[in-house]
Each structure stands twice: as structure tokens, then as C-alpha cells.
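Visitor: Predicted model and sequence below, questions to follow.
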Amino acid sequence: MSWEYRVAMAVAAIESVVGPRGQWPGWVVLENAVEESSRDMAPPLTALGMLCLDGVPGAQSVLNRSRQHLELTVLPGGVWRYYANIPWDSDDTAMCALALGADDPIVADTRMSLAAARTASGRFLTWPSWPPDQQGVDAVANAHVVAVLGATPDTADAVDWLAGLVAQEAEVANCSYYLDPLDLRMAVARAVAAGVGGLRPALVLAGRRAVARLADTTSAYRLAQAVVVALASGIPASQLGDAGQRLADLQDPDGFWAAETLFYAVSRREFGGRALYTSQAVTTALCAKALVQLS
């Protein structure tokens, strides 16, 4: 079975589960109470799916439909929140803005709101409406904010901080909601693609480390992340060995790749532990992108 056919299967599978307004589905899996896990269709999940699927042949109709979900769920100020009962946050807002694209009129308001979340240290708060002393500063959120705001004097300190985290392999220690260093490296790749040249050296370093991950990962999502980061850093596909075939072999007969944890939070209610946010559709989108880029 050709990779082109596998990508077409993946796009068809995603299209079959995306909601009528373009909502991407996922699950919130409670580690300590799996039976209480719940379906998830939050706007930022759709945004992440769109970012993963962008550039995949045959996906434009899904992407166009998904824009509706983001446009219908934006709040005043061009911001988004994950659930209706919590405040807006900079990571989800930045992902939604990146999915819509820099030219979307909504994003002008988004930039103003994100710029106002800048701290005295030059980094950006995850929860801008919360007191700064009651929250951490998440590295992935900062990389996504920088991607939206671009290379400006106001983002220079955040860019330097992010580059230092990659250099020191301190990514996960500075993330509140992400489990793997590849998550920040993907966000750095998005920022570089958006024109933040100050993060290019960090991406080159991340690419070399991504290649080292190819040999020891059995996770389709992490394998796809490593491929995309390595290619974004300038490493040619010919140097990535059999990563593409390994990824293709992990695809299920229905066109999907297995759902994997995209990010996490402290579990809701009384269950304790973590709530793992997963999505078969999002994992499948990134795996399809990796195959396309390797072709």
C-alpha cells in the first residue's frame, strides 16, 4: 500500500469524525478513573488538529469547515478558552490564531490580548486573567504566543528564554501541560515557520535531537513529531532512515493512527492524578503530515 493511499485513508477517516461545524473530537482520559473519561470537542483541540493537518493533500475541505468552529467560538478580544467555565488562556488562544492564519481579521485582536499578557521578565502568562503569583509560565504557550506576535522587541526575551530551554534540554521542566520535549520543539518549529528567526538555532538543535529519537520511539505521535521537527530543521528526508515506513506500518486498517496524549491537566473533581487529553483524529493528522513531508 503506497504512502499516498495511506494519507488519503487518513484524510477520509478524519473527515468522517469531524463534527458538522468542523469540531475535532477527542477524549479526556482520567488516569485514576478511566470509566469517568469523557468526550472532548473544545475549540483548541480543533485548532491543533488544523495545525497538524495543514499541507496534507485533500484536506482543504476539512480545514475550511473547521475554521467555522474557531470563528464561532472566539470571545471578545480575539481569545479562546478550553471550556466555557474557565478563563481564556494564551496557549489555546495562540493555537487558534495560528490555525486561522495571520491574515484573519480576528487575529489582530488576538495579538493585542496576547501582548498584554507579557510579564516584567518578557515572558507570557498562561492565564492572563489570573494573578501572576498563582501560576507558572508554560514554555509551549510562550512559543505559540511568539509565533502569533512575531519577532519584535516585545518577544525578544521570550525567544531567548525558549532557546535556552532547548539548549539545556529543560523543555518538560518548564511545561505545565505537556509531557515530552518534542511538544516544545514542535511549537518552536511553528514559531520559526511564522518568521521568528531568533529560534532557528534552537530548531536546528531540536532537529538533531529529533533524529536521535527516531530509533527508540514506538509511539506514532512522537515518531511523527520527530519527523516533522527534523525536516523543519533542514535535515533531509534521506537521513531519517525507515521512519516513514515504520509510521505507515502503525496505521490501523480504518485509516486512523491510535489516539495518544497531546497534553494533560490535573484531573477534575475528586479523582486526583492527571487528565490526559487525547485525540485519534489529531494524532492521525500529524502522522499523515509526516508521511507527506517524507514523500
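Guide: That came through, no problem. Every value quoted in this text rests on a predicted model; they were computed, and no experiment measured them.

Visitor: Packing partners of whichever helix or strand Leu184 is part of?
Guide: Here Leu184, judged by DSSP states H and E, is contained in helix 181-193. Here helix 181-193 touches helix 139-149, helix 156-167, helix 200-214, helix 220-232, going by 3 or more CB pairs under 8 Å, 6 or more residues apart in numbering; DSSP states H and E. Bear in mind the C-beta positions are built from the backbone N, C-alpha and C, glycine included.

Visitor: Pick the most buried one from the ones you listed.
Guide: Compared across the helices and strands packed on helix 181-193, helix 139-149 shows the largest average neighbour count, a mean of 28 (mean count of other CB atoms under 10 Å).

Visitor: which helices and strands does that helix pack with?
Guide: With 3+ CB pairs under 8 Å, 6+ apart as the test, helix 139-149 has helix 90-100, helix 106-115, helix 156-167, helix 181-193 packed against it.

Visitor: any idea which of these is most buried?
Guide: By mean count of other CB under 10 Å, the helices and strands packed on helix 139-149 have helix 90-100 as the most buried, with a mean of 27.

Visitor: Please compute how far that one lies from its chain's middle.
Guide: From the chain centre to the centre of helix 90-100 is a distance of 9 Å (CA atoms, centre = their mean, to the nearest Å).

Visitor: and what of stretch 264-280?
Guide: Relative to its chain's centre, stretch 264-280 lies at 18 Å (CA atoms, centre = their mean).

Visitor: Endpoints of it, how far apart?
Guide: Terminal residues of stretch 264-280 lie 15 Å apart, using CA to CA, to the nearest Å.

Visitor: now do stretch 163-175
Guide: 14 Å.

Visitor: Throw the helices and strands packed on helix 139-149 into a markdown table and include distance to Gln245 and mean pLDDT, thanks.
Guide: Compiled in a markdown table, these are given as follows (distance: least, CB to CB, whole Å; pLDDT from 0 to 100):
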| stretch | distance to Gln245 | mean pLDDT |
| --- | --- | --- |
| helix 90-100 | 30 | 98 |
| helix 106-115 | 38 | 97 |
| helix 156-167 | 29 | 98 |
| helix 181-193 | 20 | 98 |
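
Visitor: What is the neighbour count of the nearest residue to Gly207 once chain neighbours are set aside?
Guide: Distances taken as CB to CB, 6 or more residues apart in numbering place Ser233 nearest to Gly207, at 2.4 Å, with adjacent residues excluded. Ser233: 23 surrounding residues under other CB atoms under 10 Å.
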